[in-house]
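Asker: pasting the sequence and the predicted model now:
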Amino acid sequence: MARRARRDIAAEMRAEQAATLRATERLTYAEIAKRVGYADEGRCHHAIWNWYDKHHAPEAAEQLRLSEGHLLDELQRKVWRLLDDDDLDLDAVAKLLAIATRRARLEGLDKQPEKQGTLLPGVVTNEYVNGDGEAL
């Protein structure tokens, strides 16, 4: 059990270090993964966001989301400049779509709304549901 506790503490410290590097030095997830010791950028990304969630750091998480959004804005502006009205650059279009996809994930635009129930056509209901899915 002590071995697991040490491993958990080490993982926690590594995640905090990764979150700090992301927020202060604006390193990429790949750079942070290499520096801190994650297997790949995906695991690094996951660890950082889990650390924010676990430590109830909504202000820090929101700041990171805003920062990521600004970075996406900057990238999008640069890619738009690559597009020429006379010649369609498919690589630039692919980059714009990748940026749009990342922005949608960052802002939660791709999440499906929770279904509160299924209504059949022609069925009228007077039941309203609160945010927890409970009938009012």
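Answerer: Okay, I see it.
Asker: ok, and what's touching the helix or strand bottoming out on mean pLDDT in the chain?
Answerer: None of the helices or strands of the chain scores lower by mean pLDDT, DSSP states H and E than helix 58-82, at a mean of 78. Residues outside helix 58-82 that contact it (C-beta atoms under 8 Å, 6 or more residues apart in numbering) are 19, 22-23, 26, 48-49, 52-53, 89, 91-92, 95-96, 99-100, 102-103, 106-107. All C-beta spots, glycine's among them, are computed from the backbone N, C-alpha and C.
Asker: can you give the domain ranges for this structure?
Answerer: 1-56, 58-109 (automatic domain parsing).
Asker: the first one: how far from the chain's middle?
Answerer: Read it as domain 1-56. 15 Å (C-alpha atoms, centre = their mean, to the nearest Å).
Asker: next: the shortest one.
Answerer: Average the C-alpha atoms of domain 58-109, do the same for its chain, and the two points are 13 Å apart (C-alpha atoms, centre = their mean).
Asker: wait, is Leu27 part of a helix?
Answerer: No - using DSSP: H, G, I helix; E, B strand; the rest coil, the secondary structure at Leu27 is coil, not a helix.
Asker: ok, it - contacts?
Answerer: Leu21, Arg35.
Asker: tell me the confidence at it?
Answerer: On pLDDT, Leu27 comes in at 85.
Asker: and what of Met13?
Answerer: Model confidence at Met13 (pLDDT) stands at 91.
Asker: ok, it - how many residues close by?
Answerer: Applying other C-beta atoms under 10 Å, we find 11 residues neighbouring Met13.
Asker: before we move on, what about Leu64?
Answerer: Leu64, neighbours per other C-beta under 10 Å, totals 18.
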